[in-house]
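Visitor: predicted model and sequence below, questions to follow.
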Amino acid sequence: MVKPKVVVTRKQFTEEMERLSKVSNLVIIDTPTPPTSKELKEQIKGATALFAHINDNVSSEIMDAAGQSLKIIAEFGVGYDNVDVNAASERNIAVANTPGVLTETTASFAFTLIQSAARRIAECDRYVRNGKWKFFEPLDLLGYDLSSSTLGIIGFGRIGSYLGKIASNNNMKVIYYNRSTPTETYGAEKVDSLNQLLEKSDIVSIHCPYTAETKNLIAKKELSIMKNNATLINTARGPIVNLDDLYEALSKNRIAYAALDVTDPEPIKKDHPILKLENLTIVPHIASATVETRKKMSKMTVDNIIEGLNSSVPTYCVNTEKIHW
């Protein structure tokens, strides 16, 4: 019996790849850089399943290159904006993700960025490395106490609400803006509008999904509404924040600080002027990057694929109502 072909677009945990290899003809694209569209089209021919990553633009053309054999696209992550879900649904292809598994890790990392920004950790590190630390200066490199600050959270789903819990436990006042009221708020206060959140917050942390509606959700107008001493945190998706407008706001001290785990484009171009600013912490999309969490994500992605190979709609399918198996 011929095993179904499964394509994995990046190197993954060995034990999970061994699980997949037992039930499939496994193809792992283990190259120094993510596969180009052309390379992926070539590799995916005849595949039944695709183990995809955020770098992969899984378009209708990629799906058609696979042919009618393609049944499942399993995304390594909770976000799946890199997959054309509508095109997949039209082709009766299930799209699955890994919700819940990275909630605590990502929320904790967002709080780490909040702490880092409040105490100017990255800036202080550069200060020492550049030989500027000559003696103790009582009024130099001052930060601020989180316990006297208001955290505004945009998007109060799993990750946003868990961040609210962490912040509340650290004596911060927490407000949030969300379309719906969550079942658990951990004492956070809901505000009526995004503008109201921006006006009231000392720190704004983004946790909404990336959609057509949230593209450039934080741009020149929104940045002008924020307090001059405010900090912006983004661990969601890069395009939610207009990077050029953020550079202008930071360089002109319209807001005080920003900490970014994601950018648009990603990775950020090395010559972007924002990288020269001191009032910025920027890291390479590592909010979920712990051994434990990434292993759980890998296992869940493989589970989704194996369910699909067994002709069962994956447990974490995001387009269940639009496919017919």
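Guide: Yes, it's here. A quick note: this is a predicted structure, and the numbers were derived from the prediction, not measured.

Visitor: could you list the low-pLDDT ranges of the protein?
Guide: Low-confidence segments of the chain, defined by pLDDT under 70, are absent.

Visitor: mind naming the longest helix for it?
Guide: As assigned by DSSP state H, the longest helix anywhere in the chain is helix 291-309.

Visitor: list the buried ones in it?
Guide: For helix 291-309, the buried set under the neighbour-count rule, 16 or more other C-beta atoms under 10 Å, comprises 293-294, 296-309. Just so you know, the C-beta spots here come from the backbone N, C-alpha and C atoms, and that holds for glycine as well.

Visitor: can you give the contact residues for that helix?
Guide: The set of residues external to helix 291-309 that reach it, using C-beta atoms under 8 Å, 6 or more residues apart in numbering, is 4, 6, 12-13, 16, 19-20, 23-24, 48-49, 51, 71-72, 74-77, 94, 96, 98, 101-102, 105, 288, 313-317.

Visitor: which of those residues are buried?
Guide: Among these, those that count as buried by neighbour count (16+ other C-beta under 10 Å) are 4, 6, 12, 16, 19-20, 24, 48-49, 51, 71-72, 74-77, 94, 96, 98, 101-102, 105, 288, 313-314, 316-317.

Visitor: in the helix or strand containing residue 27, which residues are buried?
Guide: For residue 27, the element it lies in under DSSP states H and E is strand 25-28. By neighbour count, with 16+ other C-beta under 10 Å as the criterion, the buried positions of strand 25-28 are 26-28.

Visitor: stretch 182-193 too?
Guide: Neighbour-count burial for stretch 182-193 [16+ other C-beta under 10 Å]: 182, 185-186, 188, 191.

Visitor: same question for stretch 59-69.
Guide: For stretch 59-69, using 16+ other C-beta under 10 Å, the buried residues are 59, 62-63, 65-66.

Visitor: make JSON lines out of these and add secondary structure.
Guide: What follows is those, written out as JSON lines (DSSP: H, G, I helix; E, B strand; the rest coil):
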{"residue": "59", "secondary structure": "coil"}
{"residue": "62", "secondary structure": "helix"}
{"residue": "63", "secondary structure": "helix"}
{"residue": "65", "secondary structure": "helix"}
{"residue": "66", "secondary structure": "helix"}
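
Visitor: residue 151: which of these is nearest?
Guide: Comparing those against residue 151 with C-beta to C-beta places residue 59 closest, at 37.2 Å.

Visitor: so residue 288 sits right up against residue 107, yeah?
Guide: No: using C-beta atoms under 8 Å, residue 288 makes no contact with residue 107, being 10.4 Å away.

Visitor: next up, the contacts around the residue nearest the centre of the chain.
Guide: Averaging the C-alpha coordinates of the chain gives a centre point, and the residue nearest to it by C-alpha atoms, centre = their mean is residue 236 (4.0 Å). Residues in contact with residue 236 (C-beta under 8 Å, 6+ apart) are 79, 155, 206-210, 262.

Visitor: just give me the neighbour total for the residue nearest to residue 43 when sequence neighbours are not counted.
Guide: Taking C-beta to C-beta, 6 or more residues apart in numbering, and ignoring the residues beside it in sequence, residue 43 has residue 7 as its nearest neighbour in space, at 5.5 Å. Residue 7 has 24 neighbouring residues, counting by other C-beta atoms under 10 Å.

Visitor: do I have it right that residue 7 meets residue 45?
Guide: No: under the criterion of C-beta under 8 Å, residue 7 is not in contact with residue 45, lying 9.2 Å apart.

Visitor: which segments of this protein make up each domain?
Guide: Described in terms of automatic domain parsing, the domain architecture of the chain consists of the residue ranges 5-100+291-322, 103-282.

Visitor: correct me, but residue 284 touches residue 267?
Guide: Yes: at 6.6 Å, residue 284 counts as touching residue 267 under the criterion of C-beta under 8 Å.

Visitor: related to what we said a few turns ago, filter the buried ones among the contacts of helix 291-309 down to just the ones in helices.
Guide: Checking those against DSSP H, those in helices are 16, 19-20, 105.

Visitor: and stretch 151-171, how far apart are its ends?
Guide: In terms of C-alpha to C-alpha, to the nearest Å, the two terminal residues of stretch 151-171 are separated by 11 Å.

Visitor: now residue 295: how far from residue 130?
Guide: Separation of residue 295 from residue 130 (C-beta to C-beta, to the nearest Å) stands at 37 Å.

Visitor: can you check residue 228 too?
Guide: Taking C-beta to C-beta, one finds residue 228 at 27 Å from residue 130.

Visitor: can you check residue 225 too?
Guide: Taking C-beta to C-beta as the criterion, residue 225 is separated from residue 130 by 34 Å.

Visitor: look at those two and report which has more neighbours.
Guide: For the pair residue 225 and residue 130, the greater number of neighbours falls to residue 225 (17 against 8), based on other C-beta under 10 Å.

Visitor: tell me who's in contact with that one.
Guide: Applying C-beta under 8 Å, 6+ apart, the residues near residue 225 are 195, 198-199.

Visitor: who touches both of residue 284 and residue 267?
Guide: Taking C-beta under 8 Å, 6+ apart as the criterion, residue 284 and residue 267 do not both touch any residue.
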